[in-house]
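Participant: Take a look and give me a structure for this.
(4 chains)
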Number of protein chains: 4
Amino acid sequence: MQLRYSIFGESHGPAIGVVVENLPAGTAVDMGFISRDLDRRRAKKGGLSTTRLERDAPEILSGVFEGKTTGTPLCAIIRNGDTRSADYERTKDLARPSHADFTGFVRYGGHNDYRGGGHFSGRLTAALTFAGAVAKLCLRERGVAVGAHILQIGPERDVPFDPVNLQPALFEEIAAKSFSVIDDAAGERMQAVIQAARMDVTSVGGLIQCGITGLPAGVGAPDRDSLEGVIAKNIFAVPAVKGIEFGLGFQFASAYGHEVNDEMTLKDGSVVTKTNRNGGILGGISNGMPIIFQTVIKPTASISRPQQTVNLSSMAEETLEIHGRHDPCILSRASVVIEAAAALSVLEALL
Amino acid sequence: MQLRYSIFGESHGPAIGVVVENLPAGTAVDMGFISRDLDRRRAKKGGLSTTRLERDAPEILSGVFEGKTTGTPLCAIIRNGDTRSADYERTKDLARPSHADFTGFVRYGGHNDYRGGGHFSGRLTAALTFAGAVAKLCLRERGVAVGAHILQIGPERDVPFDPVNLQPALFEEIAAKSFSVIDDAAGERMQAVIQAARMDVTSVGGLIQCGITGLPAGVGAPDRDSLEGVIAKNIFAVPAVKGIEFGLGFQFASAYGHEVNDEMTLKDGSVVTKTNRNGGILGGISNGMPIIFQTVIKPTASISRPQQTVNLSSMAEETLEIHGRHDPCILSRASVVIEAAAALSVLEALL
Amino acid sequence: MQLRYSIFGESHGPAIGVVVENLPAGTAVDMGFISRDLDRRRAKKGGLSTTRLERDAPEILSGVFEGKTTGTPLCAIIRNGDTRSADYERTKDLARPSHADFTGFVRYGGHNDYRGGGHFSGRLTAALTFAGAVAKLCLRERGVAVGAHILQIGPERDVPFDPVNLQPALFEEIAAKSFSVIDDAAGERMQAVIQAARMDVTSVGGLIQCGITGLPAGVGAPDRDSLEGVIAKNIFAVPAVKGIEFGLGFQFASAYGHEVNDEMTLKDGSVVTKTNRNGGILGGISNGMPIIFQTVIKPTASISRPQQTVNLSSMAEETLEIHGRHDPCILSRASVVIEAAAALSVLEALL
Amino acid sequence: MQLRYSIFGESHGPAIGVVVENLPAGTAVDMGFISRDLDRRRAKKGGLSTTRLERDAPEILSGVFEGKTTGTPLCAIIRNGDTRSADYERTKDLARPSHADFTGFVRYGGHNDYRGGGHFSGRLTAALTFAGAVAKLCLRERGVAVGAHILQIGPERDVPFDPVNLQPALFEEIAAKSFSVIDDAAGERMQAVIQAARMDVTSVGGLIQCGITGLPAGVGAPDRDSLEGVIAKNIFAVPAVKGIEFGLGFQFASAYGHEVNDEMTLKDGSVVTKTNRNGGILGGISNGMPIIFQTVIKPTASISRPQQTVNLSSMAEETLEIHGRHDPCILSRASVVIEAAAALSVLEALL
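Facilitator: Residues are numbered from 1 along each chain as shown, chains lettered A, B, ... in the order given. Next comes the predicted model:
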C-alpha cells in the first residue's frame, strides 16, 4: 500500500489538517518532536516574519492509539485562530501579482475561498509539517534522517552540506537553532538582508538545501517513479518553490564528465562513491550516499508597494496596495517544510 | 481517465516501446510528424554523437485505426538493431561511475539486463519521443504547442525564449534545424565545445529550455497535483536530468519581490501578466502565459578515460576503461526528448 | 484530476471523518440533504438496531465557502460521543469470529485500535455517507440520481426496481420512509424477521439493490477502469459486503443468450435497450439505461451466543460471549451507505 | 512500487499484448508453464468454441533476461493471425445487442476499431492470461497457488472447492484437463448443455469458482484498498463478467449469524477458522484461509438469431443476424482467465 497524504483547509476556515494513509503501524508518535517541528515553522516575533501568530496546536483525530501509529489513516487538524478576514475583504477582487488568486479563480470558477489565499495559503504548510514530522519518526526507526538549512538568502550564502560525510547530528544542531543555518555568521548576514528588504517594503528569495542520510542503496525506480521525481512532486507542492536540483544540479550545465563523475570505491566492505556530485541518486535509484538537493523559493509575492493588477469582478486594470501581515522572506520558516516534503517522499519510496 | 504511459525495453533486447492509455480518440496520427521527432532524437554522423545508428522505425501495434487514435491503449514498438553486446560483456561486473549500473544491480538483485545499460539506457528515450509526438498531435488540436532548444552547452549559451511573446512558429523553426538552437552562431560554438570534449576524451553537460504555448489558464492544481510537479515527475524520468526550474527558477534566490513580481494587465480582454518570471504557473496552476522551464542535463557518464570503480562480482576495486560508442554530449538529441516529456505532462494535466 | 476520498477515524477515537479531493467547484452544499442521509444511516430506537445512539452532527472544516464547494479538499468530521470502551476492554484479546479483529491484528502488528472494532467499525460508514451525500449533490446538478432499497432480508423480498423505467421520484419516496423498501408490506415482514432474529439471539443478512438514473451513455472504460470495477471497489469498502452483481447478475449463470440479450431500439431519437438485463453497463461503459446492481450484506458478525475463538494474547482457545450493543441486522441502515459508495463511484467515473 | 499492468491491442490489429510493471526481479519465466495457460485459454476444435484458431505464440520484448524477470517492465505481444475482418465489415454500423459496440462507439466518438469487437474482444484475454501466468510464477515462489474451475453451466454444477482444505494439487489436476472441472461427469453434462445451446443457435452462461491457497493472513486493507475490491476490479476487467461474490456470497442474504459465523481455533499453532464462509477475507484483509470467490459469466452475446438493433450510422432500427465465428459458451476458456486476473490481484496486494 502506497503512502499517501492529503492536505486540507483554508487560511481563514475553521481548521487546516492532513490525512496520512498507509503509515507503518507501531511507530511512537513523539509529540515533543512534532511540536518542535511545528514550532520551527511558526512565525516568530522580531520582524523576520508575519505578525500573524498561531499556536499551531495539533489535535490528532485518528490513527494513533496508545501513543503509536495504528497503520490506519492518521488525521490531525490545527484550528485557525488569529485571522483577520477583513484585511482581505477590501481587495478580494484584486488578483495579487505572482499569487494564485487569478489561477485559483479560473481553476475553480470563482468558488475558491479568497480570504488569506484560502487553500493556497502558506498556512497549509503547517499541516504538511505535521505529516512530515510523523514521517521522520517512521524514518528514524529505519535509520534514515532528514535535515535542511537555508543555503542562501539574497546574496548571502551558508556553507553547504558535505555531500560525502553528512551526519544526522548536524541536522539536530540546525533544528535547535532559531535560524536554520550551519554558519551563524552567515545567518546574521541573511537576517540583515531580510530586515533590509522589510525596510525597503519588499521581499527576498533564497535557497534551501536538504540532506537525507541513512537511506540504503536501491530505493527508487527508473522512469516515472524515479526518486528525484517523487521528491520533486512533493517539493513543488510547497508554495513559492520554483525549482529543484540534485547534487551539483545546474552546475552540471558547464561541467565536463571527467571532472564530475563520481568514482567508486569500497568502504567497510560497502560500495561508496568518492565524491557525490549526483546527490545520491543514479538512474532514479538511491546509491547509498547522502541524498542532497537544493530548492529555490521565490521572494514573498505579497509586498506593500503599489502594483498594477486586474479587478476580476469588473475586469478593469487597478492598482493594488496589499496590506495585511506578510513575511518579507519565508526562508526561515521554509526549511522544516522542505524537510517534511522530503521525509514524506523518502518514506513513500522506502515502504 | 488519466493519461498514463509505460515505457518498456532494454538497450540490447528485442525491442523497446511504449503503451499510452487514455489518449483522446480521433486524433490523426501523422506519421511524418512522428518520424521527424524520432529523427531529431537519432544519433547523427559527424562526431557529435554515438556511432550506434538506429533506424528507429516504429511499428504501431494497437490504438490506431484508419489513421486516428481509437482512445484505447496505443502501443508502438521499435526493434533494436545495431547492438554490440560484446562491448559490454567484457566489463559487465564493473559498475560504470555515475551510471545506474550499481543502483540497478542493487534494486533488482542483480537480475537487471546490464547490456548497454539495459532498461536505463538512453535508447529508451526513443519510445518516450514516440509517445511525446503523439501527445503533441493531441495538443495541437487543442491549440497547444511544445518546443525546446539547447540553452547552454559548457560555457556557450543560446538566446533564451521570450517568455511573454513566445510563438509556436519558433518551435517549428528550431525543429527543422539539425542542431536545436535559436541562434545558429551560438550553435556553432556549442558544437565546437562538444568536439573539443570528444578530443579531450571527456563529455560535457548543458541546459535545455522548453516552452509551451496556448495552454489556457486554470490547468493544474495546488498540492501534489501541481503542474510543476507533474512536469517534473516526467522530466526526471529522462536519464541524466539533474534539475528543473520554472521561469526565473534559481535566479529567484537572489531576487527581491518588487523586481520579480509579474504585474497583471489586460490584453484583448484577457488577463495577462506584463512579465513572466513565474514561467506561466502560479499555485500549481497555469495562468495562460507561456510555460517556460529549464532543465539541466549532466555530462555523459560514459567516458573513455580510466576511472576507479568496483567489481560487483568480486567486490574488489578495479580501474575501468569504457569502450563502446557514446555521445560526448547528449544535448543535441535531448531537446526533443524533453519536449516529449513536457507534452505528455501537459496533456495529462489538460484532459 | 481524479475524485478521491479518504475515510479516517476509529469507533472510540475523538472523531471520524472524510476528506474528498477534486470535487467540482460551485456545488451548493445542502446541509438539510446531507443531514437527512446521515439520519437515514443512524441507529434508531425500537429494537431494529443498536442502542448506541449518535447525533452524527458533521462539522465541515474545509472545502466549502459561502455555502458552495470550493473545489479544494473538503474535510468533514463527526465527533464520537456515546462510546463505552469498557465493553471492549474485557474481551480485547478475543478475536470476534467473522470480524476483522484477527486480520486487523495481523495486518497492523497488534497496533490497531481494538475498541469497538476501531477503524473497521461500521461507524465509519457515517463518514462515507457524508461524502456520498455531497457526491449526490454534485450528481444532481448533472441530472444523475442514486437510490437504493432493501431487496431482501432473510426469506423476505421487496419488489425490485424496474430496470427500464426507473424514476428518481421513487428514490425520493424510499428515502422519506423510515424503512427503505418499495413495498411497505414486505418491509413489515422484513422487520418481523429482524425482531425474530433478535429474539433468537442471532442476526440476519440481506440484499441491497441500487439504481442510478440519468447517467449518459459513454461513461467508464474497458479493462481495469471499468464502471463495474470502480463501483465494486467502492462497494467492497463497505463493511459486511460479500458480493456484487450487475443487472441479472448471478442469474446469468443458468440463462441462455437469446433469453437475456438486450435488444436495441430508438426512443425519442436515442438508442435504448428494450430490456436491461445488463444493468446499464456493457464493456465497462454505461449505455444510457439505468445502472442496476445488487449487493449482499452478511448477517452482523456480533452475536451474543457463545462462540469459539482464540485469545490472541495467550494464543489459547476460548469461548467468547459478546456483550455490547449491536444491530441484529444492518440492512435498514445500509441502503444509504450503498447509495453513498455508488454516488462517489459514478461521480469519479463521470468527471 | 505497485504492480501494474496494461493490456493493449485490438482483435484484428497487428498484435495484442501486455506490459507488466514492478514485477519482482529474479523470477524464472517458465515458458512451458505460460504456454500451458495460453493453451487452456485457446479455442479448441470440436464445437465447444469458436473456429477461429490462434497459435497464441507470445513474444517477450522486454523485462526478461537470462530466463528471469529483470524487475523492469515486461512486455509480451501475441501477433494476430486468423482474422476475417470482412465478417465484420458488412455489419459494422449495427450495434450487436449486449455487446460493447454501442458503448464503445459513444465513449470513443466512433473512433474505436469495430472489427471483431476491437479492444473489447475476448481475444484480449490472451494477453491477460500471459500476464497472469507470470504472476502465478511469482506467487509460486511465495507459496501461493491460484486455481479455478467451472462451477456451473446452465443448470449443471460441478462440486465446489472445499473452502477449508483446499489443496494446490487439485489446481494442477484441473489445469491438466481439457475441460476445467473437478467432477468429469458434471463436465460431460456441461458440455452437453453447450452443444445443445449451439444446436439451438443460442449461447449459455455459467459460474467460475476460483481459489487461492497459501496466502498468509494480513494481506489487504480496509476501505478502498480491500482485497475483495482489488480482486473485483481486476475480475470486472474480464469481458462478460457480471458479478462476483466471496465465500458464501449471495447465500448470506438469507442466512442467520449463528449459522454462518466462522468460529476460530488453533491448528499447528496457527489461528484458523473451522469453517470458511467468508472466503478467506475479513475487513478487506486475508485471514490465512483459502480465498474463495465465484464469478458469473453471461451467455455469449453473439448469437446467430435475428435480433433487433439500431444502425449507428443511419440511426434506424434494423434486424441483425450475426455471422462470424463465436463460442456458444466461453466458460471452458474463461477459468484460466479468471485465474490470471486473480493472480495479478493477489500479487499486487502481496508485494
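Participant: tell me, how many neighbours does the residue of the stretch 51-200 of chain A found nearest chain B end up with?
Facilitator: In the stretch 51-200 of chain A, the residue that lies nearest chain B is residue A:100 (2.5 Å; Cβ to the nearest Cβ). C-beta: built from backbone N, CA, C; applies to glycine. Residue A:100 is flanked by 25 other residues according to other Cβ atoms under 10 Å in any protein chain shown.
Participant: how about it, what does it touch?
Facilitator: A:117, A:120, A:239, B:222, B:282, B:283, B:284, B:285 (Cβ atoms under 8 Å, 6 or more residues apart in numbering or on different chains).
Participant: Can you tell me which of the residues you listed lies closest to chain D?
Facilitator: The closest of the contacts of residue A:100, once distances to chain D are taken by Cβ to the nearest Cβ, is residue B:222, at 23.0 Å.
Participant: List just the nearest of the contacts of residue A:100 to chain C.
Facilitator: When the contacts of residue A:100 are compared against chain C (criterion: Cβ to the nearest Cβ), the nearest one is residue B:222, at 6.9 Å.
Participant: Can you tell me how far the closest one is from residue C:171?
Facilitator: As judged by Cβ to Cβ, to the nearest Å, residue B:222 and residue C:171 stand 35 Å apart.
Participant: out of those two, which sits in the more crowded spot?
Facilitator: Using other Cβ under 10 Å, the more surrounded residue of residue B:222 and residue C:171 is residue B:222, with 25 against 22.
Participant: ok, that one touching residue B:284?
Facilitator: Yes. In this structure, residue B:222 is within contact of residue B:284 by Cβ atoms under 8 Å, at 4.7 Å.
Participant: Now the element after the worst-scoring helix or strand of chain A on mean pLDDT, going C-ward?
Facilitator: Across the helices and strands of chain A, mean pLDDT, DSSP states H and E gives its lowest value to helix A:86-89, namely a mean of 68. Remark: after helix A:86-89, the chain's next helix or strand is helix A:101-107, criterion DSSP states H and E.
Participant: returning to that earlier point: closest one of the contacts of residue A:100 to residue D:272?
Facilitator: residue B:222 (48.9 Å; Cβ to Cβ).
Participant: Report the contact partners of the closest residue to chain C within the stretch 251-351 of chain A.
Facilitator: Per Cβ to the nearest Cβ, residue A:351 is where the stretch 251-351 of chain A lies closest to chain C, at 14.0 Å. Residues near residue A:351 by Cβ under 8 Å, 6+ apart: A:2, A:3, A:22, A:24.
Participant: Format these as JSON lines; extra columns: pLDDT and neighbour count.
Facilitator: Output for the contacts of residue A:351, formatted as JSON lines (pLDDT from 0 to 100; neighbours: other Cβ atoms under 10 Å in any protein chain shown):
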{"residue": "A:2", "pLDDT": "92", "neighbour count": "11"}
{"residue": "A:3", "pLDDT": "96", "neighbour count": "20"}
{"residue": "A:22", "pLDDT": "97", "neighbour count": "19"}
{"residue": "A:24", "pLDDT": "98", "neighbour count": "20"}
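Participant: In strands, which of these fall?
Facilitator: Assigned to strands by DSSP state E, none of the contacts of residue A:351 qualify.
Participant: where do the strands sit along the stretch 51-200 of chain A?
Facilitator: Using DSSP state E, counting those that start in this stretch, the strands of the stretch 51-200 of chain A run over A:58-62, A:64-65, A:68-69, A:74-79, A:145-153, A:156-157.
Participant: among those, which is the most enclosed?
Facilitator: Of all these, strand A:145-153 has the most neighbours on average by mean count of other Cβ atoms under 10 Å in any protein chain shown, namely a mean of 27.
Participant: do it and chain B meet at all?
Facilitator: Yes. Applying Cβ under 8 Å from any Cβ of the partner chain, one finds strand A:145-153 touching chain B at A:152, A:153.
Participant: repeat for stretch A:179-188
Facilitator: No. Figure legend: stretch A:179-188 not in contact with chain B (Cβ under 8 Å from any Cβ); closest approach 14.1 Å.
Participant: what's the distance between that stretch and the middle of its chain?
Facilitator: 18 Å (Cα atoms, centre = their mean, to the nearest Å).
Participant: mind listing what's buried in that stretch?
Facilitator: A:179, A:180, A:181, A:182, A:186, A:187 (16 or more other Cβ atoms under 10 Å in any protein chain shown).
Participant: Which residues of chain A lie near chain C?
Facilitator: Residues of chain A lying near chain C (Cβ under 8 Å from any Cβ): A:4, A:6-10, A:13-17, A:19, A:21, A:25-26, A:59-63, A:65, A:68-75, A:77, A:107-113, A:118-119.
Participant: And the buried ones among these, selectable in PyMOL?
Facilitator: Here is the PyMOL selection string for the buried members of the residues of chain A next to chain C, based on 16+ other Cβ under 10 Å:
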select buried, chain A and resi 4+6+7+8+9+10+13+14+15+16+17+19+21+25+26+60+61+62+63+65+68+69+70+71+72+73+74+75+77+107+108+111+112+113+118+119
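Participant: check the residues of chain A next to chain C against chain D, which are close?
Facilitator: Within the set of the residues of chain A next to chain C, contact with chain D (Cβ under 8 Å from any Cβ) is found for A:72, A:73.
Participant: what's the spacing between residue A:182 and residue A:173?
Facilitator: Residue A:182 sits 8 Å away from residue A:173, taking Cβ to Cβ as the criterion.
Participant: Oh, that last question was meant for residue A:347, not what I typed.
Facilitator: Distance from residue A:347 to residue A:173, by Cβ to Cβ: 23 Å.
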